[in-house]
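Participant: Following is a predicted model, sequence given first.
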Amino acid sequence: MADLRGKTALVTGASSGLGREFAVQLAGMGAELVLTARREDRLDALGRELPDRFGVPVTVVPLDLTADGAPAALFEVTEGRGQPVDVLVNNAGFATLAPFLDIPLERTVDQLRLNVVALSELTWRFGRAMRARGGGHILNVASFAGFTPVPYFATYAAGKAYVRSLSEAAAHELASAGVRVCALCPSGVATEFWDVAGDGAAGGGVQAALARPEAVVAAGLRILLMASLTMRVALMPGLVVFLVLMLLQYPLSACFRFIKKPFLRNLWGMFFGVVFQYLLYREQIFIWWIP
Ligand SMILES: NC(=O)c1ccc[n+]([C@@H]2O[C@H](COP(=O)([O-])OP(=O)(O)OC[C@H]3O[C@@H](n4cnc5c(N)ncnc54)[C@H](OP(=O)(O)O)[C@@H]3O)[C@@H](O)[C@H]2O)c1
């Protein structure tokens with residue numbers, strides 16, 4: 001486990017799911033934390049729990065990252081006040097599972113503001129500060145869906161493809177300045193994400209096959225902070241999902257067109273997409289099997 005004592009880590013979307021788990025594991029490494037999301041009560045609870053458990057200072061900054069000026073405000077309350085951020089985890093994000101034209105436009109715009117625009121601005125602002133100091137780590141949470149177009153997750157998948165692409169390019173540009181940029185690309189993880197996405201997106205048996213946030217976050221941080229590794233993109237399908245897809249490959253492909261549930265059709269499409277992309281990008285993708 002990396003030793004982050006004396007370092008500061010900023011986690012967006014820390015009020016639940018992967019972001020909350022990032023906060024816990026980074027605190028376990030000794031990092032001072034700055035946590036942000038909209039739900040202040042949840043952030044406050046973490047702000048009490050983590051100093052007790054790990055003896056690290058925690059600052060909470062309740063913010064709606066889709067609001068004008070929010071990323072700049074986040075920069076101002078950290079770097080602007082003399083608190084350098086050594087590790088940035090751009091984790092906040094959401095999806096909407098529905099046909100593109102049926103999603104209210106405001107919801108789509110909000111999604112792009114959060115998943116794409118705010119993430120880009122935070123990477124730009126904190127990346128510049130890290131480059132000036134000659135070091136730092138940025139982990140952008142993309143998705144398995146960022147490897148291929150996904151019907152019914154159209155803007156989500158497109159946005160995550162952007163995150164993956166931006167991260168890969170920034171990783172090249174910032175490597176010589178000592179700044180490591182990674183994209184974390186989980187497949188399904190058991191978090192509130194699926195409730196927010198709606199439509200019972202991952203109910204029943206699918207929910208049971210989702211990866212645990214603890215394992216996804218541990219692997220993501222290991223890759224981000226492992227000094228000896230040079231890969232820029234982390235691809236992390238949940239092992240169970242992967243094995244099920246492998247086992248079902250032939251029977252599923254035979255009846256693919258008759259599958260009525262969009263989620264299953266999407267999974268199948270994503271599977272083909274990711275294998276194809278993997279062949280193209282294999283030198284830059286690191287696969288971490290999650291038990
Ligand atoms: N779960 C999966 O299967 C999965 C798979 C691949 C990638 N991902 C990605 O993983 C990341 C974390 O998602 P999760 O699975 O942990 O879902 P989650 O439990 O729903 O967490 C999403 C986080 O984003 C925050 N957030 C949402 N809207 C926000 C806004 N406008 N301003 C600031 N913060 C906002 C939420 O906090 P508030 O509501 O308190 O603001 C929450 O803390 C996302 O980028 C998601 O796309 C998830």
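Facilitator: Nice, thanks for sending it over.
Participant: and residue 86, what does it touch?
Facilitator: With contacts defined as CB atoms under 8 Å, 6 or more residues apart in numbering, the neighbours of residue 86 are 4, 7-9, 31, 130, 135-137. For every residue, glycine as well, the C-beta is placed using N, CA and C.
Participant: Please repeat the previous calculation with a cut-off of 10 Å.
Facilitator: Neighbouring residues of residue 86 by CB atoms under 10 Å, 6 or more residues apart in numbering: 4, 6-10, 31-32, 126, 130, 133, 135-137.
Participant: What helices and strands are in contact with the longest strand seen in the chain?
Facilitator: When the chain is parsed with DSSP state E, its longest strand is strand 179-186. Judged by 3 or more CB pairs under 10 Å, 6 or more residues apart in numbering; DSSP states H and E, the packing partners of strand 179-186 are helix 17-28, strand 87-90, helix 119-133, strand 136-141, helix 154-175, helix 213-225, strand 233-236, strand 285-287.
Participant: Does at least one residue of it sit close to the ligand?
Facilitator: Yes. Residues of strand 179-186 are located near the ligand by CB under 6 Å from any ligand atom, namely residue 186.
Participant: So in that sheet, which strands flank that strand, and in what orientation?
Facilitator: strand 136-141 (parallel), strand 233-236 (parallel) (DSSP bridges).
Participant: Which of these comes out lowest on mean pLDDT?
Facilitator: In terms of mean pLDDT, the lowest-scoring of the strands paired with strand 179-186 is strand 233-236 (a mean of 54).
Participant: Distance check, the most centrally placed residue in the chain against the ligand.
Facilitator: For the chain, the residue nearest the mean C-alpha position is residue 141 (2.0 Å; CA atoms, centre = their mean). Using CB to the nearest ligand atom, to the nearest Å, residue 141 is found at 4 Å from the ligand.
Participant: Assess the claim that that residue and residue 18 are in contact.
Facilitator: Yes. Look at residue 141 against residue 18 with CB atoms under 10 Å: they come within range, at 6.5 Å.
Participant: so what sits against both of those two?
Facilitator: Joint contacts of residue 141 and residue 18 (CB under 10 Å, 6+ apart) are 89, 91-93, 184, 186, 216-217, 220.
Participant: Out of those residues, which is nearest to residue 53?
Facilitator: residue 217 (16.0 Å; CB to CB).
Participant: Count the residues that sit near the residue of the stretch 51-200 of the chain found nearest the ligand.
Facilitator: Taking CB to the nearest ligand atom, the ligand has its nearest neighbour within the stretch 51-200 of the chain at residue 93, 2.4 Å off. Neighbourhood size, residue 93 [other CB atoms under 10 Å]: 27.
Participant: Roughly how far does it sit from residue 85?
Facilitator: Residue 93 sits at a distance of 19 Å from residue 85 (criterion: CB to CB, to the nearest Å).
Participant: How about residue 119?
Facilitator: Going from residue 119 to residue 85 by CB to CB gives 15 Å.
Participant: Mind checking which of the two has more residues around it?
Facilitator: Neighbour tally, residue 119 and residue 85, criterion other CB under 10 Å: the higher count belongs to residue 119, 28 against 24.
Participant: How about the contacts made by the closest residue to that one other than its chain neighbours?
Facilitator: Among residues not flanking residue 119 along the chain, residue 90 sits closest, at 4.6 Å (CB to CB, 6 or more residues apart in numbering). By CB under 10 Å, 6+ apart, the contact set of residue 90 is 10-13, 19, 65, 71, 115, 118-123, 126, 138-142, 163, 167, 181, 183-184.
Participant: hey, what's residue 90 bridged with?
Facilitator: residue 140.
Participant: how much space between it and residue 57?
Facilitator: The gap separating residue 90 from residue 57 is 22 Å, by CB to CB.
Participant: now residue 41
Facilitator: Distance of residue 41 to residue 57, given as CB to CB: 20 Å.
Participant: do the same with residue 212
Facilitator: From residue 212 over to residue 57 the distance is 28 Å, taken as CB to CB.
Participant: Residue 56 contacts residue 28, doesn't it?
Facilitator: Yes. Judged on CB under 10 Å, residue 56 makes contact with residue 28 at a distance of 8.8 Å.
Participant: Identify the contacts common to the two.
Facilitator: The contact lists of residue 56 and residue 28 share 4, 50, where a contact means CB under 10 Å, 6+ apart.
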